[in-house]
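In: Structural data only, the sequence is not supplied:
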């Protein structure tokens, strides 16, 4: 009698997301860089007990329920907030975010671009070009003239801080806990030091994850603690910024401008006032997007470690 | 009998330039950070033999003639081309450019901004914002996707290369001679290797000094050696780029765009086609401007060394 038993050398995953067709997007990538892994859609699964992992981003409420033997749950991005909030998330299965060095470098480059954008007042330089006006302002070009604050010193925050130190900016980093492995040239602030950190951040770069504590964190009161004329570079998650308070802080002159890459609602609705605001640079969530092949390679390595362990 | 002898502890310089009133611009800075140095205008000099140095940028033809005892000639900028070309330049007096770490960091930041500008197609992102369009293109965001070439590996080029290595870009540097102290992560090309260097430079950053060899260097033939779709970031000197050839190379698609910070004629004339070109970012010679106080502090240190020696 032949039983349809699973080949023990093969691994099986389910791709599921309320917004993206993960099996369609990632299937060809697994075939190429992880041919020993089968990635199925939920309706292709015949033996739920044989599913080793789930790959997802914004799972449906019941997404994890059918699979009793998961070894890992993988996010396709750097954030896991959608997974963390899922009611069917099993308590004993590790949730793994993408932590690619390449993705952190993308983020560092995009953060550096936005720091220069505000420091060098490039919106104004571009407006002058549009008018054919040669208008040189050459004061405060030194990186010493802008103190950078990196809010969130995880995988992304560290890469950003490192790049901006290399460019000569005075950099401080804020994280709840003291760093285990502090970066040279970075001043660290911990829980209790947020006000002091904000008071010295001429350009604040937010890369915090979305958690209950960070939801709505960047509100009018928070923005009032920055130095007058500061700029916000928001690369975290939409739910963290009170968008009306941000516009009010810019219009009052408390902030000189902002770069917004993530929004409460994405795509950003056509009628949103951000689009036409002359002091807000709107980018469509492009700071950092991991290459699918990198995501799958790293997933495979970590999955094999979880499977052996 | 009282002779008006020079106080041996004081030093005397002349500020002279065909375009800028150097004594007026720098006088207050000397008073603050180098009070032991007198900076005079040429018509204030009573004893030409007592003049220790000249501070200049674009000297008149006869600018150096009156002073027989110069110990050094200082440029107020990173370039010395105007000084080198001056007929009255004495052969035995050292010419010193500004070599401030801060100025190199300004240049590195501005180069990084322009690399991201082209790599991330930010002109298009900004155009989409103007139209209120959420248009995500997330391919090739990795710094691996753009090979950077730094043309000129002096004080500025080294700082640029270092910053772009830190951001994860593959970086090559071209200089006539092999480096004495090669930077980690940088591939070097020397005289004879220019074609190979250009063939691998998706974004070419020019920071060469203006010399007879580099005048007109970046012409149609030169631009044709770059990979199709390459971008030029021109931070060197105006006389190096054949501006008509550059526009033609962009309009033919050979180049995807350019950033131009220096021009044959500055201010760039109102009728110049660069202003309105959608694929050229025009900036008014602002990549890097040394702080006057830094220039004077460094001049004083080097002058004291020359005076002791």
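Out: The structure has been received and is ready for your questions. Bear in mind the structure is a predicted one, so any value in this text is a computation, not a measurement.
In: Walk me through the domains of chain A.
Out: Annotated domains of chain A cover A:11-100+A:290-308, A:103-282 [automatic domain parsing].
In: So residue A:147 is in contact with residue A:200, correct?
Out: Yes: taking C-beta atoms under 8 Å as the definition, residue A:147 is a contact partner of residue A:200 at 5.3 Å. Heads up, the C-betas are built off the backbone N, CA and C, glycines and all.
In: Overlap of the contact sets of those two?
Out: Residues touching both residue A:147 and residue A:200 by C-beta atoms under 8 Å, 6 or more residues apart in numbering or on different chains: residue A:172.
In: returning to that earlier point: quick check: which of the domains of chain A is buried the most?
Out: Comparing the domains of chain A by mean neighbour count (mean count of other C-beta atoms under 10 Å in any protein chain shown), domain A:103-282 ranks first with a mean of 19.
In: what mean pLDDT does that domain have?
Out: For domain A:103-282, the mean per-residue pLDDT is 97.
In: next one: that domain to chain centre, how far?
Out: The chain centroid and the centroid of domain A:103-282 are separated by 14 Å under C-alpha atoms, centre = their mean, to the nearest Å.
In: Chain B is nearest to which of the domains of chain A?
Out: domain A:103-282 (3.5 Å; C-beta to the nearest C-beta).
In: Just the terminal-to-terminal distance for the closest one.
Out: 20 Å (C-alpha to C-alpha, to the nearest Å).
In: and if you look at stretch A:167-187?
Out: 16 Å.
In: Kindly report the same for stretch A:231-246.
Out: End-to-end for stretch A:231-246, by C-alpha to C-alpha: 10 Å.
In: anything in that stretch sitting right up against chain B?
Out: No: judged by C-beta under 8 Å from any C-beta of the partner chain, stretch A:231-246 stays clear of chain B, getting no closer than 13.1 Å.
In: Same check on stretch A:259-278?
Out: Yes: residues of stretch A:259-278 contacting chain B under C-beta under 8 Å from any C-beta: A:266, A:267, A:268, A:270, A:275, A:276.
In: from these, which is closest to residue B:46?
Out: residue A:276 (62.6 Å; C-beta to C-beta).
In: which residues does the closest residue to that closest one other than its chain neighbours contact?
Out: Distances taken as C-beta to C-beta, 6 or more residues apart in numbering or on different chains put residue B:132 closest to residue A:276, at 7.4 Å, once the chain neighbours are dropped. Counting by C-beta under 8 Å, 6+ apart, residue B:132 touches A:270, A:275, A:276.
In: Same check on residue A:16?
Out: Residue A:16 touches A:22, A:41, A:42, A:54, A:55, A:56, A:59, A:60, A:63, counting by C-beta under 8 Å, 6+ apart.
In: try 6 Å
Out: A:42, A:56, A:63 (C-beta atoms under 6 Å, 6 or more residues apart in numbering or on different chains).
In: Repeat that for residue A:42.
Out: Residue A:42 sits next to A:14, A:16 when contact means C-beta under 6 Å, 6+ apart.
In: still on that earlier bit, can you put the contacts of residue B:132 in CSV and add secondary structure?
Out: Formatted as CSV, these follow (DSSP: H, G, I helix; E, B strand; the rest coil):
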residue, secondary structure
A:270, coil
A:275, coil
A:276, coil
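In: Out of those residues, which comes closest to residue A:237?
Out: When these are compared against residue A:237 (criterion: C-beta to C-beta), the nearest one is residue A:275, at 19.8 Å.
In: Need phi/psi at the closest one.
Out: When quoted as degrees, to the nearest 10, the phi and psi of residue A:275 stand at phi -50, psi -50.
In: Can you name the residues that contact it?
Out: Taking C-beta under 6 Å, 6+ apart, we find residue A:275 in contact with A:282, B:132.
In: Could you do residue A:163 as well?
Out: A:108, A:112, B:166, B:167.
In: Which of the contacts of residue A:16 fall in strands?
Out: Of the contacts of residue A:16, the ones assigned to strands by DSSP state E are residue A:56.
In: right, is stretch A:140-154 up against chain B?
Out: Yes: looking at stretch A:140-154 against chain B by C-beta under 6 Å from any C-beta of the partner chain, the contacts come from A:141, A:142, A:143.
In: and which of those residues is nearest residue B:207?
Out: residue A:141 (16.1 Å).
In: helix/strand/coil for the closest one?
Out: Classification of residue A:141 by three-state DSSP places it in coil.
In: ok, for residue A:247, nearest residue in space, not its chain neighbours?
Out: residue A:273 (5.9 Å).
In: Please apply the same query to residue A:242.
Out: Residue A:242 sits nearest to residue A:219 (C-beta to C-beta, 6+ apart), 4.2 Å away.
In: quick one: the one you found and residue A:241 touch, right?
Out: No: with contact defined as C-beta atoms under 6 Å, residue A:219 and residue A:241 do not form a contacting pair (8.1 Å).
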